[in-house]
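**Q** Sequence first, predicted model second:
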Amino acid sequence: MKVEAKVLLYLGLFFGIMNAVYWNWSLENAGGVMMFAGMLLCFLPGSYYYFWSRRMKARPEDDPNATQTSGAGFIGTFPGTSIWPFTLGMGAFFVVLALVFGIWFLIPGLGLAVWALFGATAEGRRGGTH
Amino acid sequence: MSQAIPLNSLAKQEKIVHDRPPMLAIGVMIWLGSELMFFSGLFAALFTIRAHLASWPPKGTHLDVLQSGIFTIILIASSFTMQWAVWLVEHRRRREARNWIIITMIMGALFVGNQAYEWTHLTTRWYTNSYGSVFFITTGIHGLHVFLGLVAMAFLLFRMRGREGDPGELSTFQGVSYYWHFVDVVWIGLYSSLFLLK
């Protein structure tokens, strides 16, 4: 995790220094604000990875001599198969149709989307089939 | 099954510790990066317009700095109650965590309520001047984010129903909490630049 953290933190540092230079010499604000946000964009996940790199053991990815098998084991909890992405997609489809054919398409569109959100949340609760 | 009971009661006292960052939490962090850039676009517009105005806020703008300040403090406090709920879930005290989520939701709803009050009572409208446009678009988008945060918390409560937790519960909790903290920090920036900055 250390490598990822370092890459992002140094990149953020670079943006920070560049931003200081830019803010001083440019006569506008938009670019400076965006560059400042660019710095934060690097620091946000970078500091999160750094926080984790200090409290977790080295992963197989961190070891140049690691084999495929050392990465085996528990990764996370995921539902095995799920209908809800499809339902959500159909909901989004009808919502977009509402822009073209009339507002009443929102009724099935939002209905399907909300149904899918409830379904996916409940599925996450059960953990699905592994 | 007979072995599961003592194991379960032992687990109740232990803190839940992930040995690596949950994928969901990393995903939320990266998504918050895109949210950050989205809001920075709004901030860039705000500061560009501010640079072109003679006074900020323009004359004739009547903002209630104190009232909004009070609700800002409520929103910041809701970040702490949210984090407290995460801590409770980490220590397997789910029932208390649920209550603190409800408290957080009430505080967030109070903030949105004040936002709605401001929107209807502010004499400056979105068509009055450029400050009005910036004010309504930034507070509107932010208010929408707070509202969606409340929806996310409602889903969290829906997901927490039942007596036992599940392996994915803590990371979901953390994901919602990261989002909530992010929305709070953005509001601190917005409040400072819209209300306090002269």
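**A** Cool, got the structure.
**Q** how about the residues of chain B that lie near chain A?
**A** Counting by CB under 8 Å from any CB of the partner chain, chain B comes close to chain A at B:19-26, B:29-30, B:32-33, B:36-37, B:39-41, B:43-45, B:47-48, B:50-51, B:155, B:158-159, B:161-162, B:166-169, B:172. Glycine gets a C-beta too; all of them are placed from N, C-alpha and C.
**Q** Which segments of chain A make up each domain?
**A** Structural domains assigned to chain A are A:2-63, A:84-126, following automatic domain parsing.
**Q** Is any residue of the first one near chain B?
**A** Pointing back at domain A:2-63 there. Yes - applying CB under 8 Å from any CB, one finds domain A:2-63 touching chain B at A:28-34, A:36-38, A:40-41, A:44-45, A:48-49, A:52, A:56-57, A:59.
**Q** sorry, back to before: kindly write the ChimeraX command that selects the buried subset of the residues of chain B next to chain A.
**A** Here is the ChimeraX command that selects only those of the residues of chain B next to chain A that count as buried (16 or more other CB atoms under 10 Å in any protein chain shown):
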select /B:21,22,24,25,26,29,32,33,36,39,40,43,44,45,47,48,50,155,159,168,169,172
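**Q** Leaving out sequence neighbours, find the closest residue to B:A152.
**A** Spatial nearest neighbour of B:A152, chain neighbours left out: B:V176 (5.0 Å); criterion: CB to CB, 6 or more residues apart in numbering or on different chains.
**Q** Can you get me a residue count around that neighbour?
**A** 22 (other CB atoms under 10 Å in any protein chain shown).
**Q** Tell me how far it lies from chain A.
**A** 12 Å (CB to the nearest CB, to the nearest Å).
**Q** could you dump the domains of chain A to a markdown table with mean neighbour count and mean pLDDT?
**A** Shown next, in a markdown table, are those (neighbours: other CB atoms under 10 Å in any protein chain shown; pLDDT from 0 to 100):
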| stretch | mean neighbour count | mean pLDDT |
| --- | --- | --- |
| domain A:2-63 | 16 | 91 |
| domain A:84-126 | 15 | 90 |
